[in-house]
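A.B. asks: The sequence isn't on hand, but the structure is:
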């Protein structure tokens, strides 16, 4: 698996020397495995990692996974940032869901999550 990730990084020039690589980490298996692989690769290549997690503000949805991400990052020695819809956008997803809207809640959540990930990773460098 690590060799496949290395090949893709090289093929598409995804990581350059001294880059700060922001990894969107939900706390699920896929993002945690990616974080672990990139941490292993960072030992031989000069780049830094930061984990970015978005708390959408859906009651009972992210509480456990945010703690999982924080513990994993501490174990791996990776800085972890958590950004919330409430703090960054002024409303939680639960509050947005209560409003009269034309699209499904999932549509709003996906757009806002991507917006916030892009905004915060640009700010981080």
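C.D. replies: That came through fine. Just so it is clear, the model here is predicted, and its values are computed rather than measured.
A.B. asks: do you know how far residue 54 is from residue 26?
C.D. replies: 8 Å (Cβ to Cβ, to the nearest Å). Yep, even glycine has a C-beta here, placed from its N, CA and C like the rest.
A.B. asks: dump the residue contacts of the residue most central in space within the chain.
C.D. replies: Of all residues in the chain, the one closest to the mean position by Cα atoms, centre = their mean is residue 24, 1.7 Å from it. By Cβ atoms under 8 Å, 6 or more residues apart in numbering, residue 24 lies in contact with 31, 52-54, 117.
A.B. asks: Contacts only, for the residue lying farthest from the centre of the chain.
C.D. replies: Distance from the centre of the chain peaks at residue 100, with 28.8 Å (Cα atoms, centre = their mean). Contacts were defined as Cβ under 8 Å, 6+ apart; by that measure residue 100 touches no other residue.
A.B. asks: I'd like the secondary structure assignment at it, please.
C.D. replies: Put simply, residue 100 is coil when judged by DSSP: H, G, I helix; E, B strand; the rest coil.
A.B. asks: Starting from residue 79, give me the distance back to it.
C.D. replies: Distance from residue 100 to residue 79, by Cβ to Cβ: 39 Å.
A.B. asks: that older thread, could you tell me the model confidence score at the residue farthest from the centre of the chain?
C.D. replies: As predicted, residue 100 sits at a pLDDT of 70.
A.B. asks: Could you do residue 95 as well?
C.D. replies: 92.
A.B. asks: returning to what we had before: neighbour count for residue 54 and residue 26, which is higher?
C.D. replies: It is residue 54, of residue 54 and residue 26, that has more neighbours when counted by other Cβ atoms under 10 Å, with 25 against 16.
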